[in-house]
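>>> A structural model of the following input is requested.
(2 chains)
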Amino acid sequence: MKRFRGSSSRRQKNAFAPFVPGAKPFHLTIFLIAFSLVSCGRRSAGPVEIVYWTGWSSNEFNSQQGLIDEFNRTHPNIHVRLLSQFGNSGYQKVRIAFAGDSTPDIMSTVWADELASYAQRGVLTPLDAYLKASGRDFDKEFVPSLRKSLRVDGQVYGLAVTTNSHFIIYNRDIFEQSHVNENQVLRSPDALFAASRACTKAAADGSLIRYGFRPEQLVTWALVFGGKWYDPAKGVITANDPHNVAALRWMTSFNKIVDPMKSRSFQASFGSDYSASGPFFVGKVAMRETGEWAGKFLHRYAPNLRYGFFALPAPQDGRPGAFYGNGSVFVIPKACRHKEEAWEFLNWITSEKPVEKFCETIGNVPALVAAGQAPAFQKSPLFQFAVALSQGENAVGPPGIAIWPTYSREIARTEESVIYGGKDAQNALDELQRRMETEFRETKEDLSR
Amino acid sequence: MEARNLRNGLLFAAPWIVGLVVFYAYPILASLYYSFCSYDGIRPPRWTGLQNYHRMFFEDDLFFKALYNTLYMVVFGVPLSLLCGLGVALLLNQKVRGISLYRTIFYLPSITPVVANSILWLWLLNPDIGLVNVVLHHLGIAKPPAWIADPLWSKPALLLMGLWGVGGGMVIYLAALQNVPVALYEAASLDGAGILQKLRNVTLPMITPVILFNVITGLIGSFQYFTEAYVMTNGGPEDSTTFYALDLFNRAFQDFHMGYASAMAWVLFLIVLLCTILVFKSSLRWVYYGGENR
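As a prediction, this is how the structure comes out:
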């Protein structure tokens, strides 16, 4: 230290000197590091704080915050801190948090279709013991699709507050103008095809003014046709199940009504389904696949539109009203620091009243059977219908295999290659079967290490 | 004294050294190791040797499709943006009234965020109601391209969109053009050279170092083409805009194949390195540095 007390020119060499007279940089650095470590380690008395990550945003986030405020008021021993992890980057952060074992205490930023991927990699806490200790009856309380999809290898790894529904809405005026009998359309896929043809309208130069209907999402239509993507009993991939092939062929048959390129260009001009320029609201389509949220947006953007709705029509050996459901799942990471407190919060937020309140605010179907029967969800015929669909046995969730995020993306690519790329449905699904069998086998081997 | 100076120097440089080691050197070396492993990003990696590389070159069709799409952007995108950037810079190097305003106008698009640009171009290139096709209709083209809705036109659409950002390169060319000594032009004029001859024999040789710089940065940027495709097309239609970086990202963050994605990253690095070396080698023939005798 003495060395730096010499001439003023020498003193200037010590950059810390102006702030801490006589301090050596090395000593000061050590002091700062030690101070930071001591500060980090200090625990304040009072409620245990748990960190909760959510992917919900705007009014959904506000509704979550309102519930959390209520929880914090009524549970003085716990303080929940809500953090938004909205958007794709938020969901990527989840993966990185798991990789680094630096997770929050609880999160709803896991999609149902990723649940098995995380559960089988051992980063989630199984909830069966907690459910039992709290007197919860998982199989009675939750809708059938969630009972299956929230279980991985026989154990419950997540709980949900919302679920969804999937059906078709149609424009009554267009049906009348096109002489379509609405009672006929819902009977079979062939009737739906005929109605689509009748409602499609082109201008004199051949450009499309409106199309009747175009099925989307092979992952769902395969289920409607009686197909499956995975056989849990045999533990095998079933991408080329004959029903899946039939569904894809039927979807491709809509190219006979409208040329696929023309249809694609036309679809590119569609506004968002959640905006005033949504294709159904402005009459660009006569029928549209949608969910329970449609009621809210119809009321907001097209209050005078006369509409009806029906479940996805199935062939004779199919599953009427079937659909593939996905959604946000609450999980407690294995690496979290306050498991008991996280469970106390999860147990509360997935109980009937908070679920009812949240779903009513955001216009989603409740994950709990009992909450679905509340007057709030039985007021409008559309919502009543959506609740009934979501509680039906044909509502199907992800198959509970670790490769499902890849598999479902590959299904969408296969669908596109057949409908727009002209590939043969059988060949394309055979190829998918081969690729996914390899992926499944290798992932299983990796996970069994 | 020397030792103390060294220690203090290292201490002051420590933030940079720590940053380099922790955030660059370690991830680079770790990714090299992971590229030889089966690694999902969560569980510990398992050594599998060359399996990822074998799969990439012999079993993965999408890899080659993504590589083809990326090479398309490099082969067509780099020369196109070079020509347009240089062309605009030559025009904006004239002494006309309000030139600063023109320069600002042409430069502005290159500083707007890529995501905002992408959303804007989604509307401009809309096949049915987009401004581009409305103009083409008025010009008498009855069936204009469907742009990003058509696998044949999706990449040209992105190239067209890329021209919106030539302002960045233009500014560099402009700076180079203004450094060309006026005496050379005067000498050329005395020798009877016309505008094109001056451009070919004076301007272009004098700015070749800057052209080389723009070619290399453009090449690297094109190999890493990602954001526009991620925002506008997400790889579609029919994988026509699944570029290498987008495919790599999907493998790492959607498919839990971090090991495979690391292998892809190293292959991309080697491709970029090879191309850069080739460009540098070729530059010995066409790049002129002041003071050289040729």
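
>>> B:Asn69 - how many residues pack around it?
For B:Asn69, the neighbour count with other C-beta atoms under 10 Å in any protein chain shown is 23. Yep, even glycine has a C-beta here, placed from its N, CA and C like the rest.

>>> excluding residues flanking it in the chain, which one is nearest A:Lys202?
Rather than Lys, residue A:202 is Ala. The shortest distance from A:Ala202 to any non-neighbouring residue, by C-beta to C-beta, 6 or more residues apart in numbering or on different chains, is to A:Leu208 (5.6 Å).

>>> which parts of stretch A:181-190 are buried?
A:Val185, A:Leu186, A:Ser188, A:Pro189 (16 or more other C-beta atoms under 10 Å in any protein chain shown).

>>> quick one, longest helix in the chain?
Unless you meant another one, I'm taking chain A. Scanning chain A for the helix with the most residues, using DSSP state H, yields helix A:425-447.

>>> the intended chain is chain B.
Longest helix in chain B, counting by DSSP H: helix B:258-286.

>>> near chain B, anything from the longest helix of chain A?
Yes: with C-beta under 8 Å from any C-beta of the partner chain as the criterion, chain B is reached by helix A:425-447 at A:Glu442, A:Thr443, A:Asp446, A:Leu447.

>>> packing partners of that helix?
strand A:236-237, helix A:242-252, helix A:404-419 (3 or more C-beta pairs under 8 Å, 6 or more residues apart in numbering or on different chains; DSSP states H and E).

>>> so which residue is smack in the middle of chain B?
Ranked by distance to the mean C-alpha position of chain B (C-alpha atoms, centre = their mean), the top residue is B:Gly221 at 2.2 Å.

>>> can you give me how far the strand or helix carrying that residue is from the chain middle?
In the assignment (DSSP states H and E), B:Gly221 maps to helix B:204-223. Here the centre of helix B:204-223 is set off from its chain's centre by 10 Å, with C-alpha atoms, centre = their mean, to the nearest Å.

>>> and that helix, what other elements does it pack with?
helix B:78-91, helix B:167-178, helix B:258-286.

>>> turn these into JSON lines, columns for mean pLDDT, distance to A:Lys256 and mean neighbour count.
Formatted as JSON lines, the helices and strands packed on helix B:204-223 follow (pLDDT from 0 to 100; distance: least, C-beta to C-beta, whole Å; neighbours: other C-beta atoms under 10 Å in any protein chain shown):
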{"stretch": "helix B:78-91", "mean pLDDT": "95", "distance to A:Lys256": "40", "mean neighbour count": "18"}
{"stretch": "helix B:167-178", "mean pLDDT": "93", "distance to A:Lys256": "48", "mean neighbour count": "19"}
{"stretch": "helix B:258-286", "mean pLDDT": "96", "distance to A:Lys256": "40", "mean neighbour count": "16"}
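
>>> what about these, which gets the closest to B:Lys65?
helix B:258-286 (13.0 Å; C-beta to C-beta).

>>> once you drop chain neighbours, what's closest to A:Asp317?
A:Asp317 sits nearest to A:Gly226 (C-beta to C-beta, 6+ apart), 5.0 Å away.

>>> could you look up the SS state of that neighbour?
coil (DSSP: H, G, I helix; E, B strand; the rest coil).

>>> tell me who's in contact with it.
A:His243, A:Ala314, A:Pro315, A:Asp317, A:Gly318, A:Arg319 (C-beta atoms under 8 Å, 6 or more residues apart in numbering or on different chains).

>>> make it 10 Å
A:241-244, A:246-247, A:314-319, A:322 (C-beta atoms under 10 Å, 6 or more residues apart in numbering or on different chains).

>>> what's the answer for A:Lys334, then?
So A:Lys334 contacts A:Phe98, A:Asp101, A:Thr103, A:Tyr118, A:Ala119, A:Arg121, A:Gly122, A:Val123, A:Leu124, A:Thr125, A:Pro126 (C-beta under 10 Å, 6+ apart).

>>> any idea which of those residues is least confident?
In this model, the minimum pLDDT among the contacts of A:Lys334 belongs to A:Asp101 (87).

>>> any idea how far B:Arg43 is from that residue?
12 Å (C-beta to C-beta, to the nearest Å).

>>> if you count what's nearby, which of those two comes out ahead?
B:Arg43 (18 against 12).

>>> which residue is the nearest non-sequential neighbour of that one?
B:Arg43's closest residue in space is A:Arg121 (C-beta to C-beta, 6+ apart), at 5.6 Å.

>>> burial count for whichever residue of the stretch 301-449 of chain A sits closest to chain B?
Nearest to chain B in the stretch 301-449 of chain A, going by C-beta to the nearest C-beta, is A:Thr406, at a distance of 4.4 Å. When counting by other C-beta under 10 Å, one arrives at 21 neighbours for A:Thr406.

>>> need the contact list for it.
A:Ser117, A:Arg435, A:Met436, A:Glu439, A:Phe440, A:Thr443, B:Asn250, B:Arg251, B:Gln254, B:Asp255, B:Phe256, B:His257.

>>> cool, and A:His243?
Per C-beta under 10 Å, 6+ apart, neighbours of A:His243: A:Trp221, A:Ala222, A:Leu223, A:Val224, A:Phe225, A:Gly226, A:Gly227, A:Lys228, A:Pro315, A:Asp317, A:Gly318, A:Arg319.

>>> same check on A:Ala335?
With contacts defined as C-beta under 10 Å, 6+ apart, A:Ala335 is in contact with A:Ala97, A:Phe98, A:Gly100, A:Asp101, A:Ser102, A:Thr103, A:Pro104, A:Asp105, A:Val123, A:Leu124, A:Thr125.

>>> over to it. Which of the three states is it?
At A:Ala335 the chain is in coil, as set by three-state DSSP.

>>> ramachandran angles for it?
The phi/psi pair for A:Ala335 (degrees, to the nearest 10) reads phi -80, psi 0.

>>> and it, how close does it get to A:His79?
Distance from A:Ala335 to A:His79, by C-beta to C-beta: 20 Å.

>>> chain neighbours aside, what residue packs nearest to B:Val166?
Nearest one to B:Val166, counting by C-beta to C-beta, 6+ apart, is B:Gly85 at 4.2 Å.

>>> what's in contact with the strand or helix carrying A:Leu115?
In this assignment (DSSP H and E), A:Leu115 forms part of helix A:115-119. By C-beta under 10 Å, 6+ apart, the residues outside helix A:115-119 that reach it are A:94-95, A:98, A:110-111, A:123-126, A:149-153, A:155-158, A:160, A:329, A:331, A:333-334, A:397-406, A:443, A:447, B:40, B:42, B:254-256.

>>> which among those residues count as buried?
Listed as buried from the contacts of helix A:115-119 are A:94-95, A:98, A:110-111, A:123-126, A:149-152, A:156-158, A:160, A:329, A:331, A:333-334, A:397-406, A:443, B:40, B:42, B:254-256; burial here means 16+ other C-beta under 10 Å.

>>> cross these against strands and list the overlap.
In strands, judged by DSSP state E, the following of these are found: A:Val110, A:Trp111, A:Arg151, A:Val152, A:Val156, A:Val329, A:Val331.

>>> out of these, who's nearest A:Leu298?
Using C-beta to C-beta, these come closest to A:Leu298 at A:Trp111, 26.5 Å.

>>> distance of the closest one from A:Thr414?
On the measure of C-beta to C-beta, A:Trp111 and A:Thr414 end up 21 Å apart.

>>> over to A:Pro381?
For A:Pro381 relative to A:Thr414 (C-beta to C-beta), the value is 36 Å.

>>> between these two, which one's more packed in?
Neighbours per residue (other C-beta under 10 Å) separate A:Pro381 from A:Thr414, with A:Thr414 holding more: 24 against 11.
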